[in-house]
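A.B. asks: Need a 3D model of the following:
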Amino acid sequence: MTPDEFRYWTMANGVRVPRPFHFRWLLPALCSPESRYWLWVQWFSLVALCALTGVYTETWWACLLPLGLTGLTFNLKHSMLVDLPSMACALSAAVAWDHKMWWLAVLLACTASMIKESGSVFAALYAWTPVMLIGLLPVLVRAFWRTGPDPIPDGPAHDALVHPVRVSWEHHKALPLWVYVLPWGVLLAGLANPSPQLWVTLGVAYGQLLVATDAVRLYVWAFPVLTLAAVPVLGPWALLAVVLNVVNPFATDGV
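C.D. replies: Purely as a prediction, here's the structure:
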């Protein structure tokens with residue numbers, strides 16, 4: 001169990017935790033402390049995310065590309081995490097917005113932010129509309145709720161919460177530079193088809209690393225927009241691209 005998982009497990013037992021985990025209340029409220037329920041949520045989220053990727057890019061084979069991203073599959077090995085379900089809600093909000101179902105899109109963006117506070121921000125980036133930022137309202141309401149002490153005792157994990165920028169820098173500078181690029185696999189082809197949406201989304205996704213010690217599972221939040229950019233480039237080699245992405249020799253959790 002990672003330190004973050006332990007904090008969510010603590011929340012699931014009805015104990016208050018500090019910010020920012022205090023904002024991520026929905027899954028601990030719905031799932032019992034037993035890990036199998038969390039694992040079911042992770043598998044459902046991954047399957048939904050794959051299907052949504054196909055709809056979002058309007059390309060059927062794109063639904064197979066997420067399977068090669070270790071930043072996503074990491075959540076299957078550490079099931080008491082919130083990134084994958086929040087990302088699935090954020091992408092579903094973008095798909096609903098694209099299909100003119102604005103009321104459903106806003107509802108899903110709110111749900112994404114109740115799972116992880118950044119969820120609606122990425123929903124706005126995926127849909128490329130500020131309307132999805134309405135999903136931050138539950139975060140603002142939650143900000144007035146009383147928090148609790150960190151259940152993690154003194155040590156590196158506790159220090160990362162007290163001094164996030166300093167600890168993040170010390171952790172990330174120890175990792176090889178390729179960890180920040182090569183786990184993307186064939187999706188790097190999307191850089192050959194850039195757009196303002198892509199650059200902003202990548203900037204926000206990588207910006208999370210300034211205050212957190214995780215790497216790949218944070219910047220992978222940009223994958224829907226990078227996939228959207230990569231699909232036209234990879235189209236002529238679709239089958240090869242899917243295979244190469246799954247067997248990417250540089251795939252790593254980055255931890």
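
A.B. asks: Now do the phi/psi pair for Asp154.
C.D. replies: phi -50, psi 140 (degrees, to the nearest 10).

A.B. asks: List the buried residues for the worst-scoring helix or strand of the chain on mean pLDDT?
C.D. replies: Using mean pLDDT, DSSP states H and E, helix 156-162 stands out as the lowest-scoring helix or strand of the chain, at a mean of 76. Under the neighbour-count criterion of 16 or more other Cβ atoms under 10 Å, helix 156-162 has Ala157, Ala160, Leu161 buried. For the C-beta atoms, the positions are set from N, CA and C on the backbone; glycine is no exception.

A.B. asks: which among these gets closest to Trp25?
C.D. replies: Closest approach to Trp25 among those (Cβ to Cβ): Leu161, at 17.0 Å.

A.B. asks: Spit out the contact partners of the closest one.
C.D. replies: Pro18, Asp150, Ile152 (Cβ atoms under 8 Å, 6 or more residues apart in numbering).

A.B. asks: Among these, the buried ones, what's the PyMOL command?
C.D. replies: Here is the PyMOL command that selects the buried residues among these (16+ other Cβ under 10 Å):
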select buried, resi 150+152
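
A.B. asks: Show me the contacts of Leu161 that map onto strands.
C.D. replies: Judged by DSSP state E, strands contain none of the contacts of Leu161.

A.B. asks: Distance from the chain centre to the least confident helix or strand of the chain, please.
C.D. replies: Offset of helix 156-162 from its chain centre (Cα atoms, centre = their mean, to the nearest Å): 21 Å.

A.B. asks: CA atoms only for the top helix by length along the chain - export them in PDB, please.
C.D. replies: Taking DSSP state H as the criterion, the chain has its longest helix at helix 35-57. Taking Å, rounded to 0.1, in the frame of the first residue of the first chain, the C-alpha atoms of helix 35-57 are listed here in PDB:
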ATOM      1  CA  SER A  35      -9.400  -3.500  -1.500                       C
ATOM      2  CA  ARG A  36     -11.500  -5.800  -3.800                       C
ATOM      3  CA  TYR A  37     -14.200  -3.100  -4.200                       C
ATOM      4  CA  TRP A  38     -11.600  -0.600  -5.100                       C
ATOM      5  CA  LEU A  39     -10.100  -3.000  -7.600                       C
ATOM      6  CA  TRP A  40     -13.500  -3.400  -9.300                       C
ATOM      7  CA  VAL A  41     -13.700   0.300  -9.700                       C
ATOM      8  CA  GLN A  42     -10.200   0.500 -11.200                       C
ATOM      9  CA  TRP A  43     -11.000  -2.200 -13.800                       C
ATOM     10  CA  PHE A  44     -14.300  -0.700 -14.700                       C
ATOM     11  CA  SER A  45     -12.600   2.700 -15.000                       C
ATOM     12  CA  LEU A  46      -9.900   1.300 -17.300                       C
ATOM     13  CA  VAL A  47     -12.400  -0.500 -19.600                       C
ATOM     14  CA  ALA A  48     -14.500   2.700 -19.700                       C
ATOM     15  CA  LEU A  49     -11.500   4.800 -20.400                       C
ATOM     16  CA  CYS A  50     -10.500   2.600 -23.300                       C
ATOM     17  CA  ALA A  51     -14.000   2.800 -24.800                       C
ATOM     18  CA  LEU A  52     -14.200   6.500 -24.300                       C
ATOM     19  CA  THR A  53     -10.800   7.000 -26.000                       C
ATOM     20  CA  GLY A  54     -12.200   5.400 -29.100                       C
ATOM     21  CA  VAL A  55     -15.300   7.700 -29.000                       C
ATOM     22  CA  TYR A  56     -13.200  10.800 -28.200                       C
ATOM     23  CA  THR A  57     -10.800  10.200 -31.100                       C
END
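
A.B. asks: so who does the nearest residue in space to Ser195 that is not next to it in sequence touch?
C.D. replies: Once flanking residues are discounted, Ser195 sits nearest to Ala229: 6.5 Å by Cβ to Cβ, 6 or more residues apart in numbering. Residues near Ala229 by Cβ under 8 Å, 6+ apart: Gly190, Leu191, Asn193, Pro194, Ser195, Leu198.
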